[in-house]
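>>> Quick one, structure for this:
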Amino acid sequence: MMSIRKSLLACAGVGALTCAGATFGAGAFTEGPFNDSFAERTNWGVAPFDPIELTLPQFDEMGGARTLTCVIIDWNAGVAGSAEVESLDNAPSTITATLAADITLDGPSGFSENPMPMDDDTFDATAFDGTIDNGGTSGTVFPALAGNQGGQTTFTIQADMNPFIGNGNVTFLAGAMAMSTASGPGNVVQLFLTDASVSVTITYEYDSDDTQICEYPTDVEPNDECDPLNLEASCSLHDFNECGKYIDGKLEKRIEQGCLPDTYLVLFDKDNGFINKDDNGSDKGNGWASGLFNVGIHDAGDPLPFGNDGDGLIDNGDGTFSLRIGVTGRADGLDTTFNGLFMNAGHGQLGKFKLYVTYLDGEGMPLVNPIIPNGGGISENPVCYEDEFNTGAEAFHINYIVPLGTAAVDICIDNEIACEELRNDVDFFCIENLVPLCDYCITQVGGLDCECIPTATAIGWFDKSCELILKEQGNLEIPGYTELCLVADINGRAIIAVSGAGDCDFDGLDDLLQPAEGEGEPRALIDCPEPTPGHGIAGCYTLCIEVTGAHDNTPPDGGGTGGEAAMIEALNKGDLNMDGFTNTADLGILISNFGWVAGL
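Just a heads-up that it's a prediction; the model follows:
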């Protein structure tokens, strides 16, 4: 007998949360939901069988840094299957077939539930027609019965929450016994197939002593460029007196929208003939994605034209139904063919897509824990299928049997899922309140990249016109150390940029890996540009700003007449930093302040 179990770990989030009617303010956190489930043909988990164990992770207090405030338990029990009945009475009667399962679910802190999900249907039978075949006029088959029952329990008292705290797992015990029966006639033949399912989901709410939440932007940062007309707005300002000698920064990963394929959705019959289709009816994507909604059972006698959302599920003749889906690129399908081509050429669509199928019950509501026929276990709802148009000539077929109890389906495509990751960030800093005309060295002293190795950087020194004066590249073979020495300008300011190693002109690109002329052009088939190649570095870095040399660039005698004479003599010789030498450091000062006008 096939069974299936599923576990899901979701990421922690931050926000205002509620538990047992109480509202927590900013600083309340949630972890989860965590889920485990089980489904199989009954009976299971009851004598003589051992109980089924559902295991979920405990809450880790991380040495007291986090305090659990609430445990939220959501549970669901389901039953699905079929019934075959035949009245043997010598008079007409109404047969009621009830599919049911007695389910037990027990857990820590006195948690105990005993639901009995059920579903029923009726049949008006004649007197026995002489043949026990669950058919004719005195018998019938109910191929898809399904029911669900669920609820929620919360714990906020510390003693009740204690079993959920630790570094291991918390266990729930489950069992199911079939309780299906037929009633009505005094004499009735009945055959039931009963599948039962149970699901437990835990969400933890907690407070944290760690109130420092660091968030980095994923879009354009305010320090991505150096604007000579607006330095304070375009660069991150670092006041050396107030902020000290360390700068902590991060080269971001960026996400860029990828290709947006224009899809075409087709539903087929058993002979691969079109029975339904859509071009751009999805409620997801950018308006080019396809969708069909409330698709019910296909009647071979239904008249066309296409587009009737109520036509698509194929009766397999054994109480199950199939869905035969095709996804291609427009304009394939417009000519009632499905082969990836249009007018003997590829349809030209490129990019990824996701196809979502939601199973609905007879009232148009999504099925809860839908069960796949023939012991296939629990299905997700909705189910998701993902693929990609790589060549511009693909056509995809997706065929399968839908879960028990499915009366209709919603089908929609999302064509906005393709993303290109870019690593092309550049950070500009305006360091202020340095000693004017003094020598400084900017050294990378720490920081790890996304692969947990030291971040390989390049550091550049710019003048007030945002022209590059000097640059230093980190060592890609031994990353994590880059040092650049510069001279503060007459205003005590230095403008620097940090980029990934290999970016020689601080435009975010790797100058050693640029495409040759004519390469990297947008793809011709549709509007789908190639991603811009970046320097490829993403990670944190720490810079240290330190004064070099012993001089402070003030007159030797503290500003007296002799000092002024010495300063004039030094300047006449080109010794702008007055260290007794005329060298490249003096040239750097000249370049950094070239064009500066006093008072501006």
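>>> For stretch 177-197, measure first residue to last.
Counting by C-alpha to C-alpha, to the nearest Å, you get 11 Å between the two ends of stretch 177-197.
>>> phi, psi of Glu242?
phi -90, psi -40 (degrees, to the nearest 10).
>>> Next, count neighbours for it.
By other C-beta atoms under 10 Å, 8 other residues sit near Glu242. In this view, the C-beta of every residue, glycine as well, is placed from N, C-alpha and C.
>>> dump the residue contacts of it.
Residues near Glu242 by C-beta atoms under 8 Å, 6 or more residues apart in numbering: Asn433.
>>> Can you tell me how far it is from Ile431?
12 Å (C-beta to C-beta, to the nearest Å).
>>> And for Leu437?
Per C-beta to C-beta, Leu437 is found 14 Å from Ile431.
>>> Of those two, give the one with the bigger neighbour count.
Using other C-beta under 10 Å, the more surrounded residue of Leu437 and Ile431 is Ile431, with 25 against 22.
>>> For that one, list each beta-bridge partner.
Under DSSP bridges, the beta-bridge partners of Ile431 are His238, Ala494.
>>> any idea how far it is from Arg493?
7 Å.
>>> before we move on, what about Ala127?
With distances taken as C-beta to C-beta, Ala127 is found 102 Å from Arg493.
>>> Those two: which is more packed in?
Between Ala127 and Arg493, Arg493 has the larger neighbour count (other C-beta under 10 Å), namely 18 against 15.
>>> Name the nearest residue to the more buried one, ignoring sequence neighbours.
Nearest non-adjacent residue to Arg493, counting by C-beta to C-beta, 6 or more residues apart in numbering: Glu432, 5.3 Å away.
>>> can you check Asn424 too?
Gly534 (2.9 Å).
>>> cool, and Asn491?
With C-beta to C-beta, 6+ apart, the residue lying closest to Asn491 is Pro436, at 6.6 Å.
>>> Tell me how many other residues crowd the one you found.
16.
>>> Okay, it and Asp489: tell me how far apart.
For Pro436 relative to Asp489 (C-beta to C-beta), the value is 7 Å.
>>> Would you mark the buried spots in stretch 136-150?
For stretch 136-150, a neighbour-count test (16 or more other C-beta atoms under 10 Å) marks 138-150 as buried.
>>> With pLDDT added, can I get the residues you listed in JSON lines?
Putting these into JSON lines (pLDDT from 0 to 100) gives the following:
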{"residue": "Ser138", "pLDDT": "96"}
{"residue": "Gly139", "pLDDT": "96"}
{"residue": "Thr140", "pLDDT": "96"}
{"residue": "Val141", "pLDDT": "95"}
{"residue": "Phe142", "pLDDT": "94"}
{"residue": "Pro143", "pLDDT": "91"}
{"residue": "Ala144", "pLDDT": "89"}
{"residue": "Leu145", "pLDDT": "93"}
{"residue": "Ala146", "pLDDT": "92"}
{"residue": "Gly147", "pLDDT": "92"}
{"residue": "Asn148", "pLDDT": "92"}
{"residue": "Gln149", "pLDDT": "94"}
{"residue": "Gly150", "pLDDT": "93"}
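>>> Give me the subset of the residues you listed lying in strands.
Judged by DSSP state E, the buried residues of stretch 136-150 include 139-150 as members of strands.
>>> got these as a markdown table, with distance to Asn90 columns?
Below are these laid out as a markdown table (distance: C-beta to C-beta, whole Å):
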| residue | distance to Asn90 |
| --- | --- |
| Gly139 | 15 |
| Thr140 | 18 |
| Val141 | 22 |
| Phe142 | 24 |
| Pro143 | 28 |
| Ala144 | 31 |
| Leu145 | 28 |
| Ala146 | 34 |
| Gly147 | 33 |
| Asn148 | 38 |
| Gln149 | 38 |
| Gly150 | 44 |
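>>> wait, which of those is closest to Pro366?
Distance to Pro366 across those (C-beta to C-beta) is lowest for Asn148, with 10.6 Å.
>>> How about the closest one: which residues does it bridge to?
Gly78.
>>> just for the stretch 251-400 of the chain, where's the confidence low?
For the stretch 251-400 of the chain, applying pLDDT under 70 flags the ranges 255, 300-310.
>>> Show me where it has its strands.
Ranges of strands in the stretch 251-400 of the chain, per DSSP state E, counting those that start in this stretch, are 254-257, 263-268, 274-278, 291-295, 314-315, 321-329, 341-342, 345-346, 351-360, 371-372, 377-378, 383-389, 395-401.
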